[in-house]
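Enquirer: sequence first, predicted coordinates after that:
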Amino acid sequence: MSDRDDQLSFDDVKNEPAPEEADDYWSEPLDAVIQAWESAAEHLRATGRRISALAEELDKALVSHSAQMLDRVVVEFGRVAECASSDEFTSLCLETVELHHRGTGVLNSDDTETPQQSPFVRVIPGWEVALAATDRQLQSRHIEAYENHLRQTFAHFHETWTALIDGALICDFVMIDGEFPKLADLAEEARKARKMWTEAMRPWLDHQ
């Protein structure tokens, strides 16, 4: 026996089989994985469109000074944030990884979006909310400041949601970890701004 007989060469080591070489290597048919991937991405994009629609309803509520409409919109906005799950974006990441390894070209640089990190979340301090709750005359901002805060919060939420989808589609787990917590923070900001707006508008709302 020669020295080479008991040694492995690179030719002896079998690399991970390509899908065309081993159809049974992957547990799911490629078409099924593509369909699930497209469905998951579309589900998340549909939520993004729902957020945009809520932003339009928010603007109508503020322009018409309708507290009832504003309450409904902010509650629905909070429900979207509450129902969001980071697992959905992580699963989309993993499906993208599999499609990449199966040679579909999903990570080709010419076909993928470059996710843009959303800004930091601007907040209304808790002490300001508590102070205004005791006496609306102590509010330190004009009502338009709260309206702008609401509009910016909804827009920021949509930016964050878009960044999460784009991040998942290029397998950027760091983007998901950094962006996802902002959703709950933004929902809380909308709730606070709605409360402050209602308190500031109460003299007019009471006469409606």
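Expert: Perfect, thanks for sending it.
Enquirer: quick one: neighbours of the nearest residue in space to Gln117 that is not next to it in sequence, just the number.
Expert: Nearest residue to Gln117, sequence neighbours excluded (C-beta to C-beta, 6 or more residues apart in numbering): Ala163, at 6.2 Å. From N, CA and C alone the C-beta is placed, and that goes for glycine too. Number of residues near Ala163 (other C-beta atoms under 10 Å) recorded here: 22.
Enquirer: what is the subsequent helix or strand relative to the helix or strand containing Ala163?
Expert: Assigned by DSSP states H and E, Ala163 belongs to helix 143-168. Going down the chain from helix 143-168, the next helix or strand is helix 173-205, by DSSP H and E.
Enquirer: what helices and strands are in contact with the helix holding Ala163?
Expert: helix 30-64, helix 67-83, helix 86-101, helix 173-205 (3 or more C-beta pairs under 8 Å, 6 or more residues apart in numbering; DSSP states H and E).
Enquirer: would you mark the buried spots in the first one?
Expert: This points to helix 30-64. For helix 30-64, burial by neighbour count (16 or more other C-beta atoms under 10 Å) applies to 33-34, 36-37, 40-41, 44, 47-48, 51, 54-55, 57-58, 61-62.
Enquirer: that helix to helix 67-83, inter-axis angle?
Expert: 150 degrees (axes from the mean of the first three to the mean of the last three C-alpha atoms, to 10 degrees).
Enquirer: who touches Phe157 in this structure?
Expert: Phe157 sits next to Ile51, Phe77, Ala81, Lys182, Leu183, Leu186, Ala187 when contact means C-beta atoms under 8 Å, 6 or more residues apart in numbering.
Enquirer: what's the local residue count around the second one?
Expert: If I follow you right, that is Phe77. Using other C-beta under 10 Å: Phe77 sits among 25 other residues.
Enquirer: and stretch 143-159, how far out from the chain's middle?
Expert: Between the centre of stretch 143-159 and the centre of its host chain there is 16 Å, according to C-alpha atoms, centre = their mean, to the nearest Å.
Enquirer: what is the mean pLDDT for it?
Expert: Averaging pLDDT along stretch 143-159 gives 94.
Enquirer: drop anything exposed from the contacts of Phe157.
Expert: When burial is judged by neighbour count using 16+ other C-beta under 10 Å, the buried members of the contacts of Phe157 are Ile51, Phe77, Ala81, Lys182, Leu183, Leu186, Ala187.
Enquirer: any chance of TSV for those residues, columns pLDDT and distance to Met175?
Expert: Output for those, formatted as TSV (pLDDT from 0 to 100; distance: C-beta to C-beta, whole Å):
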residue	pLDDT	distance to Met175
Ile51	98	18
Phe77	97	22
Ala81	96	18
Lys182	96	11
Leu183	97	13
Leu186	97	16
Ala187	97	20
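Enquirer: next, the angle from the helix holding Ala163 to helix 67-83.
Expert: Using the same axes, to 10 degrees: helix 143-168 against helix 67-83 is 30 degrees.
Enquirer: and helix 143-168, how far out from the chain middle?
Expert: Distance, centroid of helix 143-168 to centroid of chain: 10 Å (C-alpha atoms, centre = their mean).
Enquirer: find the nearest non-adjacent residue to the most centrally placed residue in the chain, please.
Expert: In the chain, the residue lying closest to the centroid (C-alpha atoms, centre = their mean) is Trp161, at 2.6 Å. Among residues not flanking Trp161 along the chain, Gly48 sits closest, at 5.0 Å (C-beta to C-beta, 6+ apart).
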